[in-house]
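Trainee: Predicted model, plus sequence, below.
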Amino acid sequence: MAINRSVEQGSHRSATLMGAQQPVSVAAAQLARVAGEGLGRHSHLAALLDGTGRHSGRDIADAVHLLCSLHGHYPGLIEVALQRCPKGAVRDWLSHASDAFERERLYLVRLTSAVGPLPSTPGAAETESSLGAARHALETLATSERDGCALGAASALVCDWWPVRRLLDRAAARVGTEAPAPSLPDESSVVAIVDQAAITPGSARALGFGGEQLLLQHRALFDLLEARAEARGDY
């Protein structure tokens, strides 16, 4: 059930479309990365959103609890990145993202209380160890000295949060909790800041690396949730 993967190693992917000769922008590559590797394509999230299984209620509750363990603390990835960012356009974007994500965090914390206790599942100690390692991985991305890495992770988090938000809203509907209007930066603002920040080949590579690693942590979290559901006999 390990959730953590290396955030200091791995190859950097070229910002080109599949085998095409014409390069694409760093922002377009980031959006394509989220679309191809993000939670929107994870089978367990799709099953949770479908919600037709007889144990779907506790599986959704499990997801809310583990998401809160990863993203419900303050400061989170975006706030840490903001604290270390010099004045300028990137800092302004991170400030907006931080304010918006704080509202998402409060929503997540409120839902965690509303959905009831964490479902009893074999391997609880391993789960907590994995979550602790994942939180450390996100902190490592946020505090990276590589110019662009923290923004890559933060922008990927913002983009990959939309499928998570669908799950949170489904959980809210089940327990009768009001879902606040989302206010995260939109796609156009992500595109603008990513392309503005990727001013050198090195910063473009670091930005892509940060995005890849954030998405890896999200996929690993939902792999863990799927394994926990199987361990409870919910599949």
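Mentor: Nice, thanks for sending it over. Numbers count the residues shown, from 1 in each chain.
Trainee: which stretches of this structure aren't confidently modelled?
Mentor: 1-22, 235 (pLDDT under 70).
Trainee: Helices along that one, start to end?
Mentor: Here the chain has its helices, by DSSP state H, at 26-37, 43-50, 56-71, 77-83, 89-114, 124-142, 149-175, 187-197, 201-231.
Trainee: Nearest approach to residue 181 belongs to which of these?
Mentor: helix 89-114 (9.0 Å; C-beta to C-beta). C-beta coordinates here come from the backbone N, C-alpha and C atoms, glycine included.
Trainee: Pipe the helices of the chain into CSV and attach distance to residue 181 and mean neighbour count per row.
Mentor: Converted to CSV, these look like this (distance: least, C-beta to C-beta, whole Å; neighbours: other C-beta atoms under 10 Å):
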stretch, distance to residue 181, mean neighbour count
helix 26-37, 22, 20
helix 43-50, 20, 17
helix 56-71, 19, 21
helix 77-83, 19, 23
helix 89-114, 9, 18
helix 124-142, 26, 18
helix 149-175, 11, 23
helix 187-197, 17, 18
helix 201-231, 23, 22
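Trainee: Closest to the centroid, which residue in this protein?
Mentor: The centroid of the chain falls nearest to residue 157 when counting by C-alpha atoms, centre = their mean (4.2 Å).
Trainee: wouldn't that one be in contact with residue 78 here?
Mentor: Yes. Between residue 157 and residue 78 there is a contact under C-beta atoms under 8 Å: 6.7 Å.
Trainee: so what sits against both of these two?
Mentor: By C-beta atoms under 8 Å, 6 or more residues apart in numbering, residue 157 and residue 78 have these common neighbours: residue 101.
Trainee: and the gap between the closest residue to residue 74 other than its chain neighbours and residue 149?
Mentor: Nearest in space to residue 74, with sequence neighbours left out and distances taken as C-beta to C-beta, 6 or more residues apart in numbering, is residue 105 at 6.8 Å. Look at residue 105 and residue 149: by C-beta to C-beta, to the nearest Å, they are 22 Å apart.
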